[in-house]
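Undergrad: Coordinates only, no sequence provided:
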């Protein structure tokens with residue numbers, strides 16, 4: 001393995017023609033350059049210099065190694081530039097994970113802004129719930145995770161992570177249009193005890209939240225369907241399969257046969273973006289957080 005400082009000394013000698021000129025270019029003493037070159041010769045196992053008058057010149061081995069030194073130093077300079085770009089600008093891979101509702105609504109404008117403002121950024125997006133994406137952020141498999149934090153069941157952000165608040169959202173009650181409470185604008189959840197519930201897949205945070213909300217109102221949910229995707233849940237509500245709690249961000253067009261009502265108590269959540277602590281100001285992560293904040297201005301609790 002060749003020492004970089006010694007390669008730099010050889011490159012300077014090749015460029016400037018003498019030990020004195022190389023020393024001046026490197027801002028060191030001529031004896032310092034000579035010592036570096038002597039050590040490099042021992043590393044190479046061949047003579048790199050030969051006398052020429054009062055000075056020295058490169059041997060054939062010295063010329064070969066000097067050519068390599070030029071390429072190595074150029075590559076190192078590019079690496080330094082790229083690292084500075086990571087700090088000051090944005091390039092390279094950026095891995096984002098997000099809950100399904102945000103993949104559907106928030107991420108399209110955010111990714112469009114990133115692509116327009118930072119074309120050298122290579123963005124990949126994974127859909128996933130917080131119980132999956134938060135550990136991936138901490139392990140380094142994701143750079144940013146967009147997750148939800150319900151007021152009555154807050155997300156736990158570990159000390160090794162940092163987060164920013166993006167916007168607030170509300171979940172409403174979706175009932176079959178023929179249900180006895182479907183004429184109301186606001187429904188007490190404690191009254192919804194005569195119909196099955198449609199939930200996300202068992203074991204997910206969304207499933208746990210629905211059960212937690214209903215039990216807090218002394219309703220033991222009878223879960224008839226477990227499906228991912230609120231559009232599918234609404235279709236099942238329209239088919240009289242049960243009731244569902246659907247965030248407004250995820251709702252989209254309401255199918256015929258579904259009645260939407262606000263709930264008492266109100267079900268509020270906050271959308272947050274999480275990254276590893278200390279990385280908020282790094283180029284790609286900073287750009288992602290900025291784009292997510294900008295896109296979040298389109299969404300408020302409705």
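TA: That came through, no problem. Remember, predicted model here, so these are calculated numbers, not experimental data.
Undergrad: Is residue 211 within a helix or a strand, and which one?
TA: In this structure, residue 211 is located in helix 205-216 according to DSSP states H and E.
Undergrad: residues in contact with that helix?
TA: 129-131, 148, 150, 152-153, 189, 192, 197, 199-201, 220-221, 223, 226, 245, 267 (Cβ atoms under 8 Å, 6 or more residues apart in numbering). The C-beta positions use only the backbone N, C-alpha and C, and glycine is treated the same way.
Undergrad: chain center to that helix, what's the gap?
TA: Here helix 205-216 is found 27 Å from its chain centre; the criterion is Cα atoms, centre = their mean, to the nearest Å.
Undergrad: now swap in stretch 156-171 and tell me
TA: Worked out by Cα atoms, centre = their mean, stretch 156-171 lies 14 Å from the chain centre.
Undergrad: hey, where'd the helices end up in the stretch 51-200 of the chain?
TA: 60-88, 100-105, 107-117, 130-139 (DSSP state H, counting those that start in this stretch).
Undergrad: Can you say which helix or strand has the residue lying closest to residue 33 once chain neighbours are set aside in it?
TA: Leaving aside its sequence neighbours, residue 33 sits nearest to residue 23 (Cβ to Cβ, 6 or more residues apart in numbering; 4.6 Å). Using DSSP H and E, residue 23 sits in helix 19-26.
Undergrad: For residue 43, give its distance to residue 112.
TA: Distance, residue 43 to residue 112, using Cβ to Cβ, to the nearest Å: 52 Å.
Undergrad: List the strands paired with the very next helix or strand once past the helix holding residue 211, with their directions.
TA: Downstream of helix 205-216, the first helix or strand assigned by DSSP H and E is strand 223-226. Paired neighbours of strand 223-226 in the sheet (DSSP bridges): strand 197-199 (parallel).
Undergrad: Could you count how many residues lie near residue 298?
TA: By the criterion of other Cβ atoms under 10 Å, residue 298 has 11 neighbours.
Undergrad: Quick check: the gap between it and residue 72.
TA: 49 Å.
Undergrad: tell me the most buried of the helices of the stretch 51-200 of the chain?
TA: Comparing these by mean neighbour count (mean count of other Cβ atoms under 10 Å), helix 100-105 comes out on top with a mean of 21.
Undergrad: From the chain's centroid, how far away is that helix?
TA: 15 Å.
Undergrad: Any chance you could list what contacts that helix?
TA: 125, 127, 129, 146, 148, 169, 228-230, 247, 249-250, 271, 299.
Undergrad: next one: stretch 58-66
TA: Identification of contacts with stretch 58-66 by Cβ under 8 Å, 6+ apart yields 2, 7, 10-11, 13-14, 40, 44, 46-50.
Undergrad: Show only the entries of the residues you listed found in strands.
TA: Judged by DSSP state E, these include 49, 50 as members of strands.
Undergrad: pLDDT score assigned to the residue of the chain positioned farthest from its centre?
TA: Ranked by distance from the centre of the chain (Cα atoms, centre = their mean), the top residue is residue 53, with 61.3 Å. Note for residue 53: predicted pLDDT of 84.
Undergrad: May I have the phi/psi pair for it?
TA: When read as degrees, to the nearest 10, the backbone of residue 53 gives phi 60, psi -130.
Undergrad: Sort out which residues of stretch 241-257 are buried, please.
TA: For stretch 241-257, a neighbour-count test (16 or more other Cβ atoms under 10 Å) marks 241, 242, 243, 244, 245, 246, 247, 248, 249, 250, 251, 257 as buried.
Undergrad: which one of those is nearest residue 91?
TA: residue 249 (31.0 Å; Cβ to Cβ).
Undergrad: Contact partners for the closest one?
TA: Neighbouring residues of residue 249 by Cβ under 8 Å, 6+ apart: 101, 102, 105, 106, 169, 271, 299.
Undergrad: TSV for those, including distance to residue 285?
TA: Output for the contacts of residue 249, formatted as TSV (distance: Cβ to Cβ, whole Å):
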residue	distance to residue 285
101	22
102	17
105	22
106	17
169	23
271	17
299	21
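Undergrad: Point out the ones among the contacts of helix 100-105 that are inside strands.
TA: Using DSSP E to define strands, the subset of those located there is 125, 127, 146, 148, 169, 247, 271.
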